[in-house]
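Chemist: Below: sequence and its predicted model.
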Amino acid sequence: MILEKLEAYYNYFNQRKAGWFILSCVGLLTGLGLIVLSSASLSFIKAENYFHKQLLWCTIGMPFFLTGCLIDLKFLKKNSPLILVFFMIGLGAVLIPGIGKLVNGSRRWIVMGNFNVQISEFAKIAIIFWLARYLHSNESKMSDFKTGFFVPLLVAATLCGLIFLEPDYGTAMLIGAVTITLLFLAGTRLLYILLAISGGLLAFSILIYLNPTRMRRIVAFLDVENNKLAGAYQLWQGMLGFTSGGLYGKGLGQGRQQLIYLPEAHTDFIFSILSEELGSLVAIVVLVIYLTFFLTIAHSAKKVHSNFAKFLSYGIALTMIYQVIINIGVVTGLFPTKGMVLPFISYGGSNLVLLFFMVGLLLNCFSEDLMVSQQFEQKPVVKIVKK
């Protein structure tokens, strides 16, 4: 099994440039993140060395990357319901005091030794496994209301409901967006998609209205300048950092925002620090790298013959794309403040490990599909001649 996988990867990287593009983009983004974190760590008041911590998480992430590369996709397909149930139980356990760790009013982490594991991060890939299997199994029934819309949406909504209770609105919104997009790609009727989007926005609006903290964020976002010392303080400081570096930046370690001005500078607002210290030209280069990364994945996924692998690839790509859009949208003032890390660049253990695993899965899908297609082409074609 392992030898077959290695042979598949050898053929894939020999015959497809896409694999090298994907690995190069991941390496560049991760390396750039380490550089920015090494600079920012010199200035943090708490003297936290996030460079060393992120480097440790990169090391931990490598076995997960290899696991994603080598795991049997048939095993994932068969056991995806069990994987989803396992993480749903984990999300329920996080809500129990004494098991889940409370940080800044949210109970999202389970302590495992010296590490805090955010279960909702891994629930994102669990729902993608299940959706890929479900959409593959019900390919011909996706126009049906119950099979093609109600059932998958109910499962995703149950998962999102558990995440809402933490509360973690950002991750729940991300899972909802990925689910709706995958259903649309699978052939669910547009009317049902529009109903789901309308219902989701209505429910999300009601939840925000009933939550004073998040309601203040929305009100402050509508008038950032007049609320820059109150509800929009973090957003204002992030925007200042993003614009103050000019074309070429102030230089590594010379930024001011991460000193005491910008909270969560190493996670949600790392793009602001990057732009301030390295300049808007580097920020544009980062966007180009992300664009190259996503276009390569989309182009490769489109060619995949297996629907399970195709939807798995799309789900992984959409999860990363939406994270980038939300993070950069917040930093640039296009969206209200929302905790969402920037893939491969922001500090974050659980997220980085998951990203490495997902990149391994992408390469797994593409290389295995190439191997299967080549085996099919090599089979002799038997022609039946009627006498």
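Modeler: In hand now; what should we look at? Being a predicted model, the structure only gives us computed values, none of them experimental.
Chemist: Below-threshold pLDDT in the chain: ranges please.
Modeler: In the predicted model, the chain carries pLDDT under 70 at residues 1, 40-48, 104-105, 113-114, 229, 231, 256-264, 372-387.
Chemist: For it, give the helix that spans the most residues.
Modeler: helix 349-378 (DSSP state H).
Chemist: Pull out the buried residues from that one.
Modeler: Within helix 349-378, the residues that count as buried by 16 or more other Cβ atoms under 10 Å are 349-371. For glycine as for every other residue, the C-beta is placed from the backbone atoms N, C-alpha and C.
Chemist: check contacts around G19.
Modeler: Residues near G19 by Cβ atoms under 8 Å, 6 or more residues apart in numbering: 9, 12-13, 363, 366-367.
Chemist: Tabulate those residues in JSON lines, adding columns for distance to L342.
Modeler: Output for these, formatted as JSON lines (distance: Cβ to Cβ, whole Å):
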{"residue": "Y9", "distance to L342": "28"}
{"residue": "Y12", "distance to L342": "28"}
{"residue": "F13", "distance to L342": "27"}
{"residue": "L363", "distance to L342": "22"}
{"residue": "F366", "distance to L342": "24"}
{"residue": "S367", "distance to L342": "27"}
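Chemist: which among the residues you listed gets closest to W109?
Modeler: Ranked by distance to W109 (Cβ to Cβ), the contacts of G19 are led by L363 at 29.3 Å.
Chemist: I'd say that closest one and C69 touch.
Modeler: Yes - the pair L363 / C69 is scored as a contact, 5.6 Å apart, by Cβ atoms under 8 Å.
Chemist: Between those two, which contacts overlap?
Modeler: Joint contacts of L363 and C69 (Cβ under 8 Å, 6+ apart) are Y9.
Chemist: where's L70 relative to S350, distance?
Modeler: The gap separating L70 from S350 is 21 Å, by Cβ to Cβ, to the nearest Å.
Chemist: make that V285, sorry
Modeler: 27 Å.
Chemist: next one: W57
Modeler: For W57 relative to S350 (Cβ to Cβ), the value is 9 Å.
Chemist: likewise V341?
Modeler: 10 Å.
Chemist: With L287 instead?
Modeler: For L287, the distance to S350 (Cβ to Cβ) stands at 25 Å.
Chemist: now do S120
Modeler: 9 Å.
Chemist: repeat for G61
Modeler: Counting by Cβ to Cβ - G61 and S350 are separated by 10 Å.
Chemist: Let me see the contact set for L185.
Modeler: 311, 314.
Chemist: Tell me which helix or strand comes right after the helix or strand harbouring it.
Modeler: Counting by DSSP states H and E, the element that carries L185 is helix 169-186. Heading C-terminal from helix 169-186, the first helix or strand you meet, by DSSP H and E, is helix 190-210.
Chemist: Check which helices and strands that next one sits against.
Modeler: helix 169-186, helix 212-222 (3 or more Cβ pairs under 8 Å, 6 or more residues apart in numbering; DSSP states H and E).
Chemist: looking at these, which is closest to S313?
Modeler: helix 169-186 (10.9 Å).
Chemist: Show me which positions of the closest one end up buried.
Modeler: For helix 169-186, the neighbour count (16+ other Cβ under 10 Å) marks 169-184, 186 as buried.
Chemist: ok, F65 touching L355?
Modeler: No - if you go by Cβ under 8 Å, F65 and L355 don't touch, sitting 9.0 Å apart.
Chemist: which SS state does S346 fall under?
Modeler: coil (DSSP: H, G, I helix; E, B strand; the rest coil).
Chemist: how about the helices and strands packed on helix 190-210 in JSON lines, adding distance to S205?
Modeler: Below are the helices and strands packed on helix 190-210 laid out as JSON lines (distance: least, Cβ to Cβ, whole Å):
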{"stretch": "helix 169-186", "distance to S205": "11"}
{"stretch": "helix 212-222", "distance to S205": "9"}
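Chemist: Give me the distance between V285 and T147.
Modeler: For V285 relative to T147 (Cβ to Cβ), the value is 45 Å.
Chemist: Over to Y233?
Modeler: In terms of Cβ to Cβ, Y233 sits 48 Å off from T147.
Chemist: Kindly report the same for F184.
Modeler: Relative to T147, and taking Cβ to Cβ, F184 is found at 15 Å.
Chemist: swap in F64?
Modeler: 33 Å.
Chemist: Same question for L342.
Modeler: For L342, the distance to T147 - Cβ to Cβ - is 37 Å.
Chemist: do I289 as well
Modeler: 39 Å.
Chemist: Check L274 too.
Modeler: From L274 to T147 the distance is 45 Å (Cβ to Cβ).
Chemist: Equivalent analysis for N227, please.
Modeler: For N227 relative to T147 (Cβ to Cβ), the value is 47 Å.
Chemist: L235 too?
Modeler: Taking Cβ to Cβ, one finds L235 at 42 Å from T147.
Chemist: tell me which element N116 is part of?
Modeler: Short version, using DSSP H and E: N116 is in strand 115-118.
Chemist: packing partners for that strand?
Modeler: Helices and strands touching strand 115-118, by 3+ Cβ pairs under 8 Å, 6+ apart, are strand 106-112, helix 349-378.
Chemist: Would you mark the buried spots in that strand?
Modeler: 117-118.
Chemist: which residues sit in contact with F64?
Modeler: Contacts for F64 (Cβ under 8 Å, 6+ apart) come out as 353-354, 356-357, 360.
Chemist: Which of the residues you listed sits closest to A298?
Modeler: G360 (18.3 Å).
Chemist: Surely the closest one and M62 touch.
Modeler: No - taking contacts as Cβ under 8 Å, G360 lies outside contact range of M62: 9.5 Å.
Chemist: Need the residues touching each of those two.
Modeler: By Cβ under 8 Å, 6+ apart, no residue touches both G360 and M62.
Chemist: List the buried residues for stretch 215-235?
Modeler: 217, 220-221, 224, 227-228, 231-235.
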